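Asks: sequence and predicted structure, then a few things I'm wondering about:
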Amino acid sequence: MGGFKALVFVCSIILFAEVFGEEIYKMCAKQKDAPDCNEIGRSERLICKQHLHNVDCMLSIENGSTHFGRITPEEGLVGANFLKNVVVIGEFRLETAQNDDSEFGTVVLTRKSFGGGLKNLRNKKYCHPGFKFDYGGDYMWKEFENVVLKENNAETCSKTVESKTLFEKEIKAVSEFFGPSCRAGPWIGFDEYDSLYNRYSKLCELCPNKNCKDIPNTLTYSIECLVNGGDVAVTTLHMAQEYFNKSENTNKIQEYGYLCTNGDVVGLDRPCIWSKQPWNIIIASRNSEAAIRKSLQEWFSKYTIGTTSSRDSDEQFVYPLKKVLFPVEAGTKIKFYETAPSLLDYLRGYRTVPTPIEKCNENVRWCTVSQAEQQKCLWLSQAAANIALQPTIKCIQSHNKFACLEDIKTDLVDLVAADAHFGYISRKKNLAPLAYPDTDASNRIKPVIVIKGSDTTITKLEDLKTKKACFPEYGGIEWLAFINLTRDRGILSKASCDYGKLITDFVGDSCMPGAHDREHEATIEIDKDKLCKLCQPHPYESKTEINCNSNSENRFYGNAGALNCLKEVGDFAVVSAGDYTDSSDFKVLCRNGSVASYAGLNVDDNCVLTIIVDSEVLSKKNSPKNSDLQVILLHLESRFGFYSNKPFEVFNIFNNTMDLLFKDSTRGLTRVDSDKRHIKNFVNLLSDHEKCVEIKGNNTAIQLQVTLPIVLTSLTILTVLK
């Protein structure tokens with residue numbers, strides 16, 4: 001009721017504004033800002049438009065549905081190459097640094113005795129502060145070494161490494177070019193790759209105890225490394241000035257200088273900056289920027305750089321607006337731009353805006369299935385480029401998930417995150433999981449056998465033989481779980497690995513959407529007419545009178561469709577347990593063969609056929625790219641995963657569209673060898689069929705080895721007799 005009142009209130013404000021010719025400006029806000037947004041909305045001047053993250057804020061401003069908001073420079077870098085209607089009208093600077101045009105700038109320190117020249121840095125002792133910092137991105141912190149390696153033709157492509165990952169090739173290139181160094185970690189941040197610190201220990205020799213991992217989280221440490229024997233150090237201008245301005249270090253000023261991008265060495269009084277990090281930015285739509293800037297200057301004149309006002313605004317909404325808009329409540333002021341540059345032009349004034357440039361002609365080809373998913377993938381590719389992630393992500397759009405699986409099989413793409421329902425079909429195409437997107441327990445798949453509550457002829461699993469069956473999809477997880485259970489109980493034969501033939505012989509007329517098409521990897525042994533007999537075309541979507549498609553053209557496709565099939569024409573269905581309307585007419589036949597004592601599908605875990613993960617990231621089995629793909633996935637989770645304050649959120653909604661690339665319910669990626677029960681259940685569910693095929697294949701090969709010589713001998717004898 002409260003939400004309805006709020007909606008009426010907002011609509012009233014907008015109607016009032018339209019009648020009297022005043023525009024209500026909409027600003028980006030987060031869910032945590034709701035109390036302040038309620039106060040802002042009362043002003044009849046502004047309303048909040050809540051977004052889960054600032055990527056959607058930028059997209060909303062781009063399409064005109066929101067007028068302005070605040071973003072971080074890292075968020076701006078993700079969107080800059082895609083946004084044409086977003087401009088920068090101001091930035092938030094610290095009051096103590098009002099005259100600084102950037103939050104910080106990176107510099108490279110060296111000894112003045114070094115003659116200069118980027119080509120003269122080979123075997124020099126390299127000091128780097130590491131990659132623990134949440135600002136700037138790895139592209140910025142790797143800029144110096146990448147420029148130097150390129151200048152010296154010492155990049156990664158020719159390197160041969162044990163793990164075959166481009167990531168390790170990069171580390172090896174740095175190790176082979178520089179002398180003993182301290183290139184602090186984390187290099188990747190995952191324990192399974194800690195062996196790299198030992199393998200390339202030269203990069204840790206100048207670190208305390210020769211340990212790259214345990215370096216203090218401070219930018220001054222690389223300077224101390226330089227002073228204590230290093231030759232060249234990466235840090236920030238502010239830290240360099242702070243260090244050498246200390247009384248105990250002023251005697252060292254004449255010994256050191258800045259190494260510039262052109263290779264020159266200049267004194268500490270003439271700093272040359274490699275890249276700058278902008279402040280937090282106020283962005284606005286191009287069509288509204290002038291009016292919004294004017295209003296903000298009026299409301300926040302006390303907090304505007306270049307004005308002498310010391311008086312707070314009398315408008316009551318300004319205080320809650322300040323809490324939402326400003327990065328921190330105290331200590332910052334706004335530098336406004338009278339001529340608003342595009343977001344891309346603004347950022348280019350500070351640093352290079354990366355593009356996904358391939359190294360060594362290597363990339364990760366990510367399969368997408370819609371224009372919306374393709375767009376999210378392109379933004380993800382840009383976000384990955386901003387942290388210097390290699391190989392680059394290349395987005396390739398296909399028709400649907402089935403086409404993606406086939407494209408992986410034929411080496412047209414490398415990976416896709418697919419629903420667990422594709423597990424059986426993907427294994428038939430020789431695909432394998434790289435990781436499992438994990439969710440909370442409520443989003444896991446729990447298949448159940450459902451019968452009509454009034455049916456007294458079915459009291460055990462054996463009674464299902466010759467009955468009319470309704471499945472969400474041929475080859476889906478419910479289909480596979482049912483076959484595995486009945487084979488395990490001896491109801492279906494274990495002598496055959498042709499699951500399609502087994503289910504065909506067991507059931508009566510049925511509806512198993514997709515049984516007729518090649519995409520579902522159905523064998524020639526199945527009776528397609530029988531398995532499609534009960535399916536019915538959707539009256540408004542189907543173009544044919546008979547429809548067994550695995551899409552909305554088939555009335556009985558999917559879990560809800562299978563229940564409708566059971567209600568109208570079937571005897572039993574196998575569906576994933578969930579919240580279905582009007583399920584009181586059904587009962588569950590538990591996996592132990594007993595019928596649940598109460599109606600509905602809400603049964604305990606002891607009754608369901610299994611509990612499994614709901615999706616997996618797939619690639620081609622034994623692909624030479626798999627090591628690189630695993631590194632990419634680890635980075636994507638750590639840099640763009642579930643936790644907030646990321647410049648891009650790969651597991652979240654994008655442009656108001658759900659479940660793109662990954663399901664929004666994903667909380668992280670889990671290893672394929674995980675001991676979690678729901679993952680082991682899924683692995684076992686699929687491996688039962690794979691092992692069966694492998695054993696039968698080996699037996700066939702043995703039989704051929706025995707019988708083929710006999711046949712050939714017989715043919716030889718017959719030839720001689722002739």
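Replies: Yes, it's here. Numbers count the residues shown, from 1 in each chain.

Asks: buried sites along stretch 390-403?
Replies: Buried positions in stretch 390-403, judged by neighbour count with 16 or more other CB atoms under 10 Å: Gln390, Pro391, Thr392, Ile393, Lys394, Cys395, Ile396, Gln397, Ser398, Lys401, Phe402, Ala403. C-beta here means a position set from N, CA and C on the backbone, and glycine is covered the same way.

Asks: let me see the contact set for Ile215.
Replies: Residues near Ile215 by CB atoms under 8 Å, 6 or more residues apart in numbering: Pro129, Gly130, Lys132, Cys182, Ala184, Gly185, Cys207, Pro208, Tyr221.

Asks: okay, helices next: where are they in the stretch 251-400 of the chain?
Replies: Along the stretch 251-400 of the chain, counting by DSSP state H, counting those that start in this stretch, helices occupy 289-299, 318-325, 343-348, 371-386.

Asks: next: the stretch 501-650 of the chain.
Replies: Going by DSSP H, counting those that start in this stretch, the stretch 501-650 of the chain shows helices at 528-532, 558-568, 626-640.

Asks: and these as a markdown table, adding distance to Asn146, mean neighbour count and mean pLDDT?
Replies: A markdown table is the format used below for the helices of the stretch 501-650 of the chain (distance: least, CB to CB, whole Å; neighbours: other CB atoms under 10 Å; pLDDT from 0 to 100):
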| stretch | distance to Asn146 | mean neighbour count | mean pLDDT |
| --- | --- | --- | --- |
| helix 528-532 | 57 | 19 | 95 |
| helix 558-568 | 49 | 21 | 95 |
| helix 626-640 | 17 | 20 | 93 |
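
Asks: picking up where we left off before, ok, the contacts of Ile215 vs Asn484, which is closest?
Replies: Nearest to Asn484 among these: Gly185, at 44.6 Å, using CB to CB.

Asks: hang on, that closest one packs against Tyr197?
Replies: Yes. Using CB atoms under 8 Å, Gly185 is in contact with Tyr197, at 7.1 Å.

Asks: hey, what's in contact with both of those two?
Replies: Cys212, Lys213.

Asks: which one of the buried residues of stretch 390-403 is nearest to Ser510?
Replies: Phe402 (21.1 Å).

Asks: what lies in contact with whatever helix or strand the closest one lives in?
Replies: For Phe402, the host element (DSSP states H and E) is helix 401-409. Contact with helix 401-409 is made by 367, 369, 396, 398, 413-416, 418-419, 422, 425-426, 429-431, 519-520, 618-620, as judged by CB under 8 Å, 6+ apart.

Asks: just to revisit the earlier point, could you dump the helices of the stretch 251-400 of the chain to TSV with distance to Asp101 and mean neighbour count?
Replies: What follows is the helices of the stretch 251-400 of the chain, written out as TSV (distance: least, CB to CB, whole Å; neighbours: other CB atoms under 10 Å):
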stretch	distance to Asp101	mean neighbour count
helix 289-299	19	18
helix 318-325	21	20
helix 343-348	11	19
helix 371-386	21	21
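
Asks: out of those helices, nearest to His51?
Replies: Nearest of those (CB to CB): helix 318-325, 12.1 Å.

Asks: what comes into contact with that closest one?
Replies: 27, 29, 33, 35-37, 39-40, 46, 48, 69-70, 282, 299-300, 303, 312, 329.

Asks: now do the helix holding Phe402, average pLDDT.
Replies: The average pLDDT within helix 401-409 is 97.

Asks: sorry, back to before: from the buried residues of stretch 390-403, which has minimum pLDDT?
Replies: Gln390 (91).

Asks: from Thr165, how far off is Trp187?
Replies: 12 Å (CB to CB, to the nearest Å).

Asks: now do Glu478
Replies: 38 Å.

Asks: try Leu531
Replies: 44 Å.

Asks: check Pro624 too.
Replies: Pro624 is 11 Å from Thr165, by CB to CB.

Asks: confidence score at the nearest residue to Gly600 once chain neighbours are set aside?
Replies: The shortest distance from Gly600 to any non-neighbouring residue, by CB to CB, 6 or more residues apart in numbering, is to Ser583 (5.1 Å). Per-residue confidence at Ser583 stands at 80 (pLDDT).

Asks: which residues in the stretch 251-400 of the chain form strands?
Replies: 256-259, 265-267, 275-277, 280-285, 332-336, 363-368, 392-397 (DSSP state E, counting those that start in this stretch).

Asks: with distance to Lys680 as extra columns, can I get those strands in a markdown table?
Replies: As requested, the strands of the stretch 251-400 of the chain are exported to a markdown table (distance: least, CB to CB, whole Å):
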| stretch | distance to Lys680 |
| --- | --- |
| strand 256-259 | 54 |
| strand 265-267 | 59 |
| strand 275-277 | 45 |
| strand 280-285 | 45 |
| strand 332-336 | 51 |
| strand 363-368 | 27 |
| strand 392-397 | 30 |
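
Asks: looking at the ones you listed, which is nearest to Phe482?
Replies: strand 363-368 (28.9 Å).

Asks: what about the closest one, average pLDDT?
Replies: 98.

Asks: now it, how far from the chain's geometric center?
Replies: Put simply, strand 363-368 sits 12 Å off its chain's centre (CA atoms, centre = their mean, to the nearest Å).

Asks: what do you get for stretch 81-92?
Replies: For stretch 81-92, the distance to the chain centre is 25 Å (CA atoms, centre = their mean).

Asks: mind listing what's buried along that stretch?
Replies: Asn81, Phe82, Leu83, Asn85, Val86, Val87, Val88, Ile89, Gly90, Glu91, Phe92.

Asks: for those residues, which one is nearest Lys276?
Replies: Nearest to Lys276 among the buried residues of stretch 81-92, with distances taken as CB to CB, is Glu91, at 11.9 Å.
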